[in-house]
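Undergrad: Pasted the sequence and its predicted model underneath.
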Amino acid sequence: MIEVCPGIYQITMPTSFAVGDVHAYLLRGEPLTLVDTGLHYPPSQRALAAGLAEAGVAPSDLEQIVVTHSHLDHMGQARWLQEASGATVLAHPIACAKVANLPAFVNDAIAWAGGLMAAVGLPEDQHTVVNTFYGIIPQMAQNVTVERCLDEGDVLEAGGRRWQVHFYPGHAGDLIALWQPEECLLLGNDHLLAKISSNALLEPPRPGAPDRRRPLIEYWHSLDRLDALPAATILPGHGPIIDDHHSLLAERRERRDHRLDRIASLVAEAPRTAWQIAEVLFPRLHRSDYFLGISEVVGHLDMLIAGGRVREWADEQPLLYGAKR
Ligand SMILES: [Zn+2]
């Protein structure tokens with residue numbers, strides 16, 4: 001546990017994922033608030049209880065629990081903490097239905113992702129990667145009832161500070177960050193990380209939406225909004241604290257443009273499926289990362305199509321992409 005700003009304690013918990021440790025933030029003051037919770041996983045539970053104890057807080061003392069987005073390493077232990085404390089759980093409206101019934105989300109997501117894998121051209125004998133990818137969810141997180149929704153423009157009193165809620169869809173379609181304007185302080189979770197570029201994961205369509213989201217396009221729109229924010233300190237969900245997000249974003253933008261050019265030239269050589277592009281870009285991709293690699297390629301193809309550089313043959317199965325002339 002480290003006091004990273006006056007009254008704000010960073011508590012670091014292990015995960016069983018490649019991303020490594022995850023941070024939660026205890027905001028001391030009225031009302032006593034925890035932002036994010038770690039995985040529902042015994043080593044994570046021990047680390048969180050120890051971090052809170054070091055700050056002189058018991059899980060039962062918590063009054064509010066903010067879930068910044070519906071990923072397991074952020075929402076996994078919310079139910080345990082809610083039951084221990086009776087604290088109010090807060091999250092974006094899009095997260096509410098998902099976290100209330102994770103097995104139902106998993107069923108729908110697997111059915112949707114099976115169709116997606118066929119469309120991107122992943123060989124059929126590999127389609128079970130989506131079962132593995134989503135199947136872990138109910139093991140590492142418990143259903144939780146969100147009692148208050150937080151959306152763009154809302155103001156949240158937490159830990160003796162007033163925070164503005166920013167809705168930053170991209171890395172997750174339900175991601176919110178908390179902005180403290182007087183101190184130029186952002187609780188940014190996974191929106192921007194110093195050491196890894198957050199994957200803009202493909203997700204099932206939003207309820208009532210006919211089509212899938214375009215997560216990388218949404219993500220860059222949200223990152224451009226972050227770039228306009230005069231943040232002095234960004235407290236992240238993983239890795240080191242960010243104190244110069246403008247240079248970090250400039251680097252990320254350069255890398256994105258390089259990848260866009262690479263994909264545009266690959267499909268200009270010959271029409272390809274998204275999976276064929278992923279095989280060229282990530283030749284040593286482990287099976288457990290296929291979904292991440294495919295998300296990366298499809299996200300960039302979405303941007304290239306929106307920018308008028310690439311076309312999609314939508315009547316082909318799998319979908320084929322080529323240069324737009
Ligand atoms: Zn995340």
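TA: Sure, I can see it. In this text the structure is predicted, and so the values were computed from the model without any measurement.

Undergrad: Quick check: residue 5 vs residue 34, distance?
TA: 15 Å (Cβ to Cβ, to the nearest Å). In this view, the C-beta of every residue, glycine as well, is placed from N, C-alpha and C.

Undergrad: cool, residue 49 as well?
TA: 12 Å.

Undergrad: now residue 218
TA: For residue 218, the distance to residue 34 - Cβ to Cβ - is 27 Å.

Undergrad: Give me the more crowded residue out of those two.
TA: Counting neighbours by other Cβ atoms under 10 Å for residue 218 and for residue 34 shows that residue 34 has the greater number, 31 against 19.

Undergrad: Thought residue 67 was touching the more buried one, still the case?
TA: No: here residue 34 does not reach residue 67: they are 9.8 Å apart, not a contact under Cβ atoms under 8 Å.

Undergrad: Not counting its neighbours along the chain, what's nearest residue 12?
TA: residue 21 (4.9 Å; Cβ to Cβ, 6 or more residues apart in numbering).

Undergrad: Repeat that for residue 156.
TA: residue 163 (4.7 Å).

Undergrad: Can you list the strands that the helix or strand hosting that neighbour pairs with?
TA: Per DSSP states H and E: residue 163 is located in strand 161-167. Its sheet considered, strand 161-167 pairs with strand 155-158 (antiparallel), strand 176-180 (antiparallel) by DSSP bridges.

Undergrad: So if we follow the domain assignment, how does the protein break up?
TA: 2-99+143-243, 256-323 (automatic domain parsing).

Undergrad: so how many other residues sit close to residue 265?
TA: With other Cβ under 10 Å as criterion, residue 265 counts 10.

Undergrad: whoops, I mixed them up, residue 48
TA: Neighbour count for residue 48, taken as other Cβ under 10 Å: 25.

Undergrad: tell me which strands and helices whatever helix or strand it lives in is in contact with?
TA: Using DSSP H and E, residue 48 falls within helix 42-54. The helices and strands touching helix 42-54, judged by 3 or more Cβ pairs under 8 Å, 6 or more residues apart in numbering; DSSP states H and E, are strand 8-13, strand 22-27.

Undergrad: okay if I get the ones you listed as JSON lines plus mean pLDDT, mean neighbour count and distance to residue 253?
TA: Converted to JSON lines, those look like this (pLDDT from 0 to 100; neighbours: other Cβ atoms under 10 Å; distance: least, Cβ to Cβ, whole Å):
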{"stretch": "strand 8-13", "mean pLDDT": "98", "mean neighbour count": "21", "distance to residue 253": "28"}
{"stretch": "strand 22-27", "mean pLDDT": "98", "mean neighbour count": "25", "distance to residue 253": "25"}
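
Undergrad: Residue 287: which of the ones you listed is closest?
TA: Among the helices and strands packed on helix 42-54, the nearest to residue 287 by Cβ to Cβ is strand 22-27 (23.6 Å).

Undergrad: Pairing partners for that closest one, with directions?
TA: strand 8-13 (antiparallel), strand 33-35 (antiparallel).

Undergrad: Please render those strands as a markdown table that adds distance to the ion to the earlier fields.
TA: A markdown table is the format used below for those (distance: least, Cβ to the ion, whole Å):
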| stretch | distance to the ion |
| --- | --- |
| strand 8-13 | 14 |
| strand 33-35 | 13 |
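
Undergrad: To residue 289, which of these lies closest?
TA: strand 8-13 (22.3 Å).

Undergrad: circling back: just the CA atoms of the strand holding residue 163, as CSV, please.
TA: Output of strand 161-167 as CSV, limited to C-alpha atoms (Å, rounded to 0.1, in the frame of the first residue of the first chain):
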residue,chain,number,x,y,z
ARG,A,161,-13.1,15.1,-2.9
ARG,A,162,-15.5,16.0,-5.7
TRP,A,163,-14.9,14.0,-8.8
GLN,A,164,-16.2,14.5,-12.3
VAL,A,165,-17.2,11.4,-14.2
HIS,A,166,-15.7,10.9,-17.7
PHE,A,167,-17.1,8.2,-19.9
